[in-house]
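> Sequence first, predicted coordinates after that:
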Amino acid sequence: MRMRVTDFGTHDCVDWDLSKFSGAGYAKGRSVLVQIAWLCVSGAVFTRWWCPNKIRVLILRLFGASVGEGVLIRHGVKIHWPWKLSIGNNTWIGEQVWILNLEPVSIGSNVCVSQDVLLCAGSHDRKSSTFEFDNGPIRIEDQVWIAARATVLRGVTIGHHSTIGATALVTSDVASCETVLAARGSSRA
């Protein structure tokens, strides 16, 4: 069964002129030279399978991330801007995780972010005629497990001791000790 959103009505439809996009209100947080340096180091060293975890953590700290003790960051992890990232102690970030942190992303202690998770702190305002940013921070409290291929969108806080199931889409806050599962598919005859 497909779900269709139809309650927007025609009064909410806006034609975009992407040539007028300005990015107003979005601050990258570092100079262009630092951004270029990060992109070079990230692509050449940080994401590579041969880069030891200790070096990954050191690189993040050198670029302004706050990273606790005992953090494990696997290869293939993409982080947009490390200076907008904080990670608590004893947290695991799995292979191919993408932290698209146009705004700050805070990950607590003893958190497991499993393979292929997307933490997306950026979005666009579909009602803006220039499709401007509609970004927001993401906060993941202590003792959270975000399972494989889950997506957490901007402006979300995930409360402590919560579990986000594989492939789940999280668009609003999750209370402490809550479990969020992906919708189950249905079979067709």
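That came in fine, so what should we check first?

> so what's N53 up against?
N53 is in contact with 72-74, counting by CB atoms under 8 Å, 6 or more residues apart in numbering. Backbone N, C-alpha and C define where each C-beta goes, glycine included.

> Could you look up the SS state of R61?
At R61, secondary structure determined by DSSP: H, G, I helix; E, B strand; the rest coil is helix.

> Tell me, how many residues neighbour the residue lying closest to V34 once chain neighbours are set aside?
Leaving aside its chain neighbours, V34 sits nearest to F63 (7.5 Å; criterion: CB to CB, 6 or more residues apart in numbering). Using other CB atoms under 10 Å as the criterion, F63 is surrounded by 20 other residues.

> just G88 next, same as before
Neighbours around G88, by other CB under 10 Å: 20.

> The residue nearest to T130 when sequence neighbours are not counted and S129: what is the separation?
The shortest distance from T130 to any non-neighbouring residue, by CB to CB, 6+ apart, is to K20 (4.4 Å). K20 is 7 Å from S129, where distance means CB to CB, to the nearest Å.

> repeat for H75
For H75 relative to S129 (CB to CB), the value is 42 Å.

> Comparing those two, which shows the higher neighbour count?
H75 (16 against 13).

> who are the neighbours in contact with that one?
Shown in contact with H75 (CB under 8 Å, 6+ apart): 47-51, 95.

> Likewise for T157?
So T157 contacts 138-141, 173-174 (CB under 8 Å, 6+ apart).

> What segments of the chain are helices?
In the chain, the segments counted as helices under DSSP state H are 32-41, 53-62.

> can you redo these as CSV with mean pLDDT?
Formatted as CSV, the helices of the chain follow (pLDDT from 0 to 100):
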stretch, mean pLDDT
helix 32-41, 98
helix 53-62, 98
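
> If anything else comes up later, I'll come back, but that's it for now.
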